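Colleague: pasting the structure only:
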């Protein structure tokens, strides 16, 4: 059939129409004020100098009339600045880089699995299929205790891993910032699966001989999103303790958590989790704003634990043979999608420009009143953020968020490459991703970064950072000796 009307999709660049709409809505106040200011200026120019002078002389002000408005302005300004929350700065951070002696190539991992699970060939084949599609590379690392056959998951070995990854990250951070351990006022350590007595936070205080009045916290069982919970806790503490430093340590000690049974839902963590740690220095000191890398803008936390399925989708328990492991439910991705939806519903109004919020409002009205079956409008978060750090929990997690948020391959590059190079390092993975962006020289002054993490419970927590200064390409860090090789192509299936 011949077209009656011309094909406007060919004759008009709809992309530029949308860009024009976005620019108009986002700067509507400017466009409204320009004609008003132009009109006032035109009227002033029409008046002669004598008329302007006579108008000024006709205005009579006495001392009381001048002082009252001045006092009111000063009073309101004082209340405003006193009620404003303190600015929280990320001075710097450091990520632990495992030694090459801890490297676990696919061939080594599968050989150990065959020896450990010699009576369970189906479980070995299942792990091989998972590893082939995991998105991990050949350089991921496991702690020394997991290199034994069978693994040696003792408390002593777990403490040894903790000391290795935590102290290395903190040493690197203190060296970069020049801050002394005695200067730390707040300490928050998060590790989900290993909670010894004394705690990991006490271990840090003992190692660095920190002050006796330090406010220390040890978070356990909070899952892979515990890093954002630690940031939120440190932020709240910095709001009430002025002129302070807060040290946040995010890690996962995986030595005691190797599962040697045959339950497939519990074998998944063996294939995905690897060793890692990150140490972050936060401060509310104004003088730190000059050298700080980022400023914390928002933290949004979502907890779906009231729902039974969400509560049990990541669950530590014993299998029928009495072996302890972490079971991952087949409904995990659906539950993660619901948690993400709740999180971005809260985050959207805080960060999205007016044009996207209007689109979302019109879509909501249409669905509620006119057409309940129409698809909801997904806001374009690329207008609110320049960089995305999605928890490298697995290839499926990254794929799902890329699809849900309509992100490009470059936006999820940091997440995919972190998963490939370091594996799932739990709560510290977001900082390896941030480090990747910096190592690529992509972090510029004013850039906004959205960190999104998921964790057991079930939780979705996210944080927004704004870059304080253009970050120079670092000469150290976890990516220093390999960043030139990335990004790499990751096939859908790696045949082992």
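Modeller: Ah, there it is. Predicted, not measured: the structure shown is a model, and the values here were computed from it.

Colleague: Buried ones in the strand or helix carrying residue 399, by neighbour count?
Modeller: In this structure, residue 399 sits in helix 395-405 according to DSSP states H and E. Buried residues in helix 395-405, defined by neighbour count with 16 or more other Cβ atoms under 10 Å: 395, 397, 398, 400, 401, 402, 405. C-beta here means a position set from N, CA and C on the backbone, and glycine is covered the same way.

Colleague: quick check, distance from it to the centre of its chain.
Modeller: 15 Å (Cα atoms, centre = their mean, to the nearest Å).

Colleague: by contact count, what packs against it?
Modeller: Where contact means 3 or more Cβ pairs under 8 Å, 6 or more residues apart in numbering; DSSP states H and E, helix 395-405 is packed against helix 332-351, strand 387-390, helix 413-422.

Colleague: So for the helix or strand immediately after the first one in the chain, mean pLDDT?
Modeller: Using DSSP H and E, the helix or strand that follows helix 332-351 towards the C-terminus is helix 354-365. pLDDT averaged over helix 354-365 equals 76, rounded to a whole number.

Colleague: tell me which residues in helix 354-365 are buried?
Modeller: For helix 354-365, the neighbour count (16+ other Cβ under 10 Å) marks 355, 356, 359, 360, 363 as buried.

Colleague: now swap in stretch 202-219 and tell me
Modeller: Neighbour counts over stretch 202-219 (16+ other Cβ under 10 Å) mark 203, 204, 205, 208, 210, 214, 216, 217, 218, 219 as buried.

Colleague: Please apply the same query to stretch 297-309.
Modeller: Result for stretch 297-309 [16+ other Cβ under 10 Å]: buried residues 297, 299, 300, 302, 303, 304.

Colleague: Equivalent analysis for stretch 84-104, please.
Modeller: 86-98, 102, 104.

Colleague: likewise stretch 426-441?
Modeller: Neighbour counts using 16+ other Cβ under 10 Å place 426-440 of stretch 426-441 among the buried residues.

Colleague: before we move on, the earlier item: report the two of the buried residues of stretch 202-219 separated the most.
Modeller: 208 and 219 (19.1 Å; Cβ to Cβ).

Colleague: Helix, strand, or coil at the residue lying closest to residue 462 once chain neighbours are set aside?
Modeller: Nearest-residue entry for residue 462: residue 452, 4.6 Å, with adjacent residues in sequence omitted and distances by Cβ to Cβ, 6 or more residues apart in numbering. Following DSSP: H, G, I helix; E, B strand; the rest coil, the label given to residue 452 is strand.

Colleague: didn't residue 452 look like it was pressed against residue 387?
Modeller: No: counting by Cβ atoms under 8 Å, residue 452 sits too far from residue 387 to count as a contact (11.5 Å).

Colleague: hmm, who's touching the lengthiest helix in the chain?
Modeller: Across the chain, the longest stretch assigned as helix under DSSP state H is helix 155-177. Residues outside helix 155-177 that contact it (Cβ atoms under 8 Å, 6 or more residues apart in numbering) are 91-98, 143-145, 180-181, 189, 191, 194, 196, 200, 203-204, 207-208, 247, 249, 251, 253-256, 275-281, 476.

Colleague: next one: stretch 258-273
Modeller: If you take Cβ under 8 Å, 6+ apart as the criterion, stretch 258-273 is touched by 109, 113, 116-117, 120, 122-123, 126-127, 130-131, 134, 136, 146, 150-151, 153, 252, 254, 257, 319, 321, 323-330, 393-394, 423-426.

Colleague: So which of those sit within helices?
Modeller: 109, 113, 116, 122, 123, 126, 127, 130, 131.

Colleague: want to throw those residues into CSV with distance to residue 381, pLDDT and neighbour count?
Modeller: As requested, those are exported to CSV (distance: Cβ to Cβ, whole Å; pLDDT from 0 to 100; neighbours: other Cβ atoms under 10 Å):
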residue, distance to residue 381, pLDDT, neighbour count
109, 36, 93, 21
113, 40, 91, 23
116, 43, 89, 18
122, 42, 90, 10
123, 40, 90, 21
126, 36, 92, 18
127, 35, 92, 22
130, 30, 92, 17
131, 32, 92, 19
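
Colleague: Out of those residues, flag the one nearest to residue 367.
Modeller: Nearest to residue 367 among the ones in helices among the contacts of stretch 258-273, with distances taken as Cβ to Cβ, is residue 130, at 38.3 Å.

Colleague: what about the chain, any weak spots by pLDDT?
Modeller: Applying pLDDT under 70 to the chain picks out residues 1-29, 31, 55-63, 65-66, 80-83, 376-377.

Colleague: how does it divide into domains?
Modeller: 8-49, 89-485 (automatic domain parsing).

Colleague: Centre-most residue in the chain?
Modeller: Nearest to the geometric centre of the chain sits residue 451, at 1.9 Å (Cα atoms, centre = their mean).

Colleague: which of the buried residues of stretch 84-104 lies closest to residue 41?
Modeller: Nearest to residue 41 among the buried residues of stretch 84-104, with distances taken as Cβ to Cβ, is residue 87, at 36.7 Å.

Colleague: And that closest one, how far from residue 222?
Modeller: 26 Å (Cβ to Cβ, to the nearest Å).

Colleague: Check the buried residues of helix 395-405 and tell me the two furthest apart.
Modeller: Among the buried residues of helix 395-405, 395 and 405 lie farthest apart (Cβ to Cβ), at 16.1 Å.

Colleague: any chance of the domains of the chain in a markdown table, with distance to residue 70 too?
Modeller: Below are the domains of the chain laid out as a markdown table (distance: least, Cβ to Cβ, whole Å):
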| stretch | distance to residue 70 |
| --- | --- |
| domain 8-49 | 24 |
| domain 89-485 | 26 |
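
Colleague: if we look at stretch 228-236, which residues are touching it?
Modeller: Residues outside stretch 228-236 that contact it (Cβ under 8 Å, 6+ apart): 88, 186, 188-190, 217, 219, 222, 246, 248-250, 280, 282, 296, 299, 301, 427, 430, 451, 453, 459, 461-463.

Colleague: Tell me which stretches of the stretch 151-300 of the chain form strands.
Modeller: Along the stretch 151-300 of the chain, counting by DSSP state E, counting those that start in this stretch, strands occupy 186-190, 215-219, 245-251, 277-283, 294-303.

Colleague: who wins for proximity to residue 484 among those?
Modeller: For the strands of the stretch 151-300 of the chain, proximity to residue 484 was assessed by Cβ to Cβ; strand 277-283 is nearest, at 22.6 Å.

Colleague: quick one: the closest one to helix 155-177, angle?
Modeller: For strand 277-283 against helix 155-177, the angle by axes from the mean of the first three to the mean of the last three Cα atoms, to 10 degrees is 40 degrees.

Colleague: Are we agreed that residue 460 is in a strand?
Modeller: Yes: assignment of residue 460 by three-state DSSP places it within a strand.

Colleague: what's the distance between the nearest residue to it once chain neighbours are set aside and residue 223?
Modeller: Counting by Cβ to Cβ, 6+ apart, residue 460 lies nearest to residue 339, which is 3.6 Å off, once chain neighbours are set aside. Using Cβ to Cβ, residue 339 is found at 11 Å from residue 223.

Colleague: Give me the common contacts of these two.
Modeller: By Cβ under 8 Å, 6+ apart, residue 339 and residue 223 have these common neighbours: 454, 458, 459.

Colleague: who's the last one bridged to?
Modeller: When bridges are assigned using DSSP bridges, the partners listed for residue 459 are residue 303, residue 455.

Colleague: wait, it sits on residue 227?
Modeller: No: contact criterion Cβ under 8 Å: residue 459 and residue 227 do not qualify, at 11.4 Å.

Colleague: The two - which one has more neighbours?
Modeller: residue 227 (32 against 25; other Cβ atoms under 10 Å).

Colleague: For that one, give its distance to residue 90.
Modeller: The spacing between residue 227 and residue 90, counted by Cβ to Cβ, is 13 Å.
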